[in-house]
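J.: pasting the structure only:
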């Protein structure tokens with residue numbers, strides 16, 4: 001949408017300055033204040049559920065008219081259970097320890113200096129996201145609990161839902177006596193707003209977190225002039241080893257692929273050890289087909305079913321976000337590791353095996369943000385890690401990796417205490 005605001009640079013610059021002012025206040029806020037804001041916001045989400053669902057219904061109607069994909073619609077959809085989950089996530093974040101001011105390390109030097117490294121807020125976090133209205137609450141709450149101001153720019157497909165949820169967050173901030181500007185939602189949908197955020201709002205944004213499709217994340221990573229916490233794709237793998245228990249393998253594969261196909265932790269490729277193909281391959285594939293999953297197989301797999309199609313080279317590096325999975329036979333754990341390192345996105349991988357040594361090699365040799373042994377890839381989630389929620393999954397190698405929770409939304413500073421020491 002163009003023309004929502006005559007002066008986008010001016011609008012965004014003002015948002016950035018107000019966020020910076022709010023961040024200074026939040027950096028000094030007590031844990032009690034921040035938790036009070038979160039708990040009040042949770043109460044408001046529950047009290048405003050009718051307004052939130054009404055707004056979401058309008059977004060869903062518009063999504064249908066626009067012909068959005070099933071995966072996007074699933075991410076967009078709210079119901080009573082999902083709204084309650086939003087409120088519960090706010091309460092879970094309130095219950096987490098406050099990272100701000102905690103000591104990471106401390107030591108004494110031979111000259112008598114005592115040095116501490118303590119956690120501090122990052123400052124102002126810009127979150128650019130699509131489809132999922134719950135990100136409005138999760139991202140705003142996590143940023144605020146870690147002492148940061150948040151600037152939220154949601155997608156046009158969820159604009160009404162995002163505003164309805166944001167209203168509850170503002171009520172929570174007001175109730176706790178914290179500045180409303182601590183969690184701001186960009187009020188217009190002009191795409192130029194994203195460009196302004198990527199340029200850093202005159203130095204007022206300290207880090208950008210994109211959550212959305214490949215094109216959004218690619219644009220952010222290419223254009224951002226501030227640090228970015230992001231993953232481009234979630235091409236996640238499940239490897240079924242020769243020492244895997246068949247029933248466990250079936251259950252894990254079904255859950256990893258089909259529990260929710262539209263999330264970044266959904267499995268996209270199944271790798272099966274050639275040594276157990278005769279016993280494990282057909283039962284797993286048949287279970288997937290029975291649940292309505294399309295299976296694309298490499299050339300050496302010959303199974304008769306209408307839902308089976310030949311895989312192409314592109315399939316191994318495709319994030320389907322749909323009821324589709326690619327299947328390949330590999331030569332043991334080394335073959336699985338080689339395939340994942342060639343085609344994976346360094347997001348999440350799972351090995352199913354009862355051989356601890358094989359699992360250890362898988363863990364040691366694969367450089368992905370999250371690795372699981374005998375557990376579904378759908379556990380790649382900050383809430384499931386006990387972080388309360390997450391602001392995203394980072395697959396880079398600097399500062400934050402894996403679920404970006406409270407600790408990952410902090411930096412640190414050094415406190416050095418002396419007794420008159422001077423340097424010779």
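T.: Happy to help now that I have it. Everything numeric in this text was worked out from a predicted model, so none of it was measured. Residues are numbered from 1 along each chain as shown.
J.: Quick check: can you list the domain ranges of the chain?
T.: 8-231+393-416, 236-379 (automatic domain parsing).
J.: These into TSV, with extra columns for mean neighbour count, distance to residue 423 and mean pLDDT?
T.: C-beta here means a position set from N, CA and C on the backbone, and glycine is covered the same way. As requested, these are exported to TSV (neighbours: other CB atoms under 10 Å; distance: least, CB to CB, whole Å; pLDDT from 0 to 100):
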stretch	mean neighbour count	distance to residue 423	mean pLDDT
domain 8-231+393-416	20	9	94
domain 236-379	19	41	95
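J.: among those, which is nearest residue 387?
T.: Residue 387 lies closest, by CB to CB, to one member of the domains of the chain: domain 8-231+393-416, at 3.3 Å.
J.: For the closest one, give the distance from the opening residue to the closing one.
T.: End-to-end span of domain 8-231+393-416 (CA to CA, to the nearest Å): 44 Å.
J.: Now do the strands in the stretch 251-400 of the chain.
T.: 267-273, 294-297, 308-310, 324-330, 348-352, 370-373, 393-394 (DSSP state E, counting those that start in this stretch).
J.: can you tell which of the ones you listed is closest to residue 62?
T.: Closest to residue 62 of these, according to CB to CB: strand 324-330, at 26.5 Å.
J.: and the closest one, what other elements does it pack with?
T.: On a contact count with 3 or more CB pairs under 8 Å, 6 or more residues apart in numbering; DSSP states H and E, strand 324-330 meets strand 267-273, strand 294-297, helix 332-343.
J.: For residue 107, give me its contacts.
T.: 114, 115 (CB atoms under 8 Å, 6 or more residues apart in numbering).
J.: what's the helix or strand for it?
T.: strand 103-108 (DSSP states H and E).
J.: next one: that strand to chain centre, how far?
T.: For strand 103-108, the separation from the chain centroid amounts to 30 Å (computed by CA atoms, centre = their mean, to the nearest Å).
J.: Repeat that for stretch 350-369.
T.: Using CA atoms, centre = their mean, the offset of stretch 350-369 from its chain centre is 23 Å.
J.: Check the offset of the top helix by length along the chain from the chain's centre.
T.: For the chain, the longest helix by residue count, based on DSSP state H, is helix 8-28. Relative to its chain's centre, helix 8-28 lies at 24 Å (CA atoms, centre = their mean).
J.: after it, next one along is what?
T.: helix 31-47.
J.: would TSV of the helices and strands packed on strand 324-330 with distance to residue 30 be doable?
T.: TSV is the format used below for the helices and strands packed on strand 324-330 (distance: least, CB to CB, whole Å):
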stretch	distance to residue 30
strand 267-273	43
strand 294-297	53
helix 332-343	45
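J.: now the strands of the stretch 251-400 of the chain in JSON lines, with distance to residue 22?
T.: Formatted as JSON lines, these follow (distance: least, CB to CB, whole Å):
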{"stretch": "strand 267-273", "distance to residue 22": "40"}
{"stretch": "strand 294-297", "distance to residue 22": "48"}
{"stretch": "strand 308-310", "distance to residue 22": "52"}
{"stretch": "strand 324-330", "distance to residue 22": "44"}
{"stretch": "strand 348-352", "distance to residue 22": "34"}
{"stretch": "strand 370-373", "distance to residue 22": "32"}
{"stretch": "strand 393-394", "distance to residue 22": "24"}
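J.: so which of the ones you listed gets nearest residue 60?
T.: strand 324-330 (23.6 Å).
J.: any idea where the strands of the stretch 51-200 of the chain begin and end?
T.: Using DSSP E, counting those that start in this stretch, strands in the stretch 51-200 of the chain cover 103-108, 114-121, 124-129, 149-153, 183-185.
J.: For residue 384, find the nearest of those strands.
T.: strand 124-129 (19.7 Å).
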